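S.K.: mind looking at a prediction? Sequence and model below.
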Amino acid sequence: MEEFILTRPTSEYASQIVEYRQEFLDAGDSMDGCGPLRRLDDPEEYIKACAEYEDPQTVPSHLVPATQFFFIRKMDNRLVGMIQVRHCFNEYLEKYAGHIGYSVRPSERRKGYAKKMLGMTLPFCKTIGLDKVLVCCIDGNIGSEKTILANGGVYESTVHEPNSNRDLKRFWIE
């Protein structure tokens, strides 16, 4: 069985951050759970921004404190996924995005990595006082829905997000 670690972004992974971002751009895919990765092409700027987002004193005023993790496959030290834990809600997160966002790089999907990554992140949520977390996915994203359900997600409702004109399923994990 493959082993993985969750780690915060560091310069050790700078070249892999660039590759990860490019793989999503090439696929025309969303970078859910990646924080400011879409708008920052410099990996050092990205690492710095992730650290700023974690601190309530330095997080941009329109955002909430959040912790960014890389999901690293130990055998080859490869960045296969990213997951972000938002410590609290703003109005948008409470309605449409939840506490946790995540993604697995397109070339590493359908291997059960998202399920494992989400499961490994839940204990961290408890350490920051989140006994119950909201995780959302696009209605029709069967893989993400299965990931959430496999980690104890309980379906609450489906909501329409008007800015992107899509329906999102909301699940709670205790």
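M.R.: Right, received. Where do you want to start?
S.K.: which is the succeeding secondary structure element to the helix or strand containing Pro123?
M.R.: Using DSSP states H and E, Pro123 maps to helix 113-127. For helix 113-127, the succeeding helix or strand toward the C-terminus, using DSSP H and E, is strand 133-138.
S.K.: which elements pack onto that following strand?
M.R.: strand 100-104, helix 113-127, helix 142-150, strand 166-173 (3 or more Cβ pairs under 8 Å, 6 or more residues apart in numbering; DSSP states H and E). C-betas here are computed from N, CA, C, even on glycine.
S.K.: what's the helix or strand bottoming out on mean pLDDT in the chain in contact with?
M.R.: Least confident helix or strand of the chain, by mean pLDDT, DSSP states H and E, is helix 91-92 with a mean of 94. Contacts to helix 91-92, defined as Cβ atoms under 8 Å, 6 or more residues apart in numbering, come from no residue at all.
S.K.: ok, back up a step: highest average neighbour count across the helices and strands packed on strand 133-138?
M.R.: Looking across these with neighbours counted as mean count of other Cβ atoms under 10 Å, the highest average goes to strand 100-104: a mean of 24.
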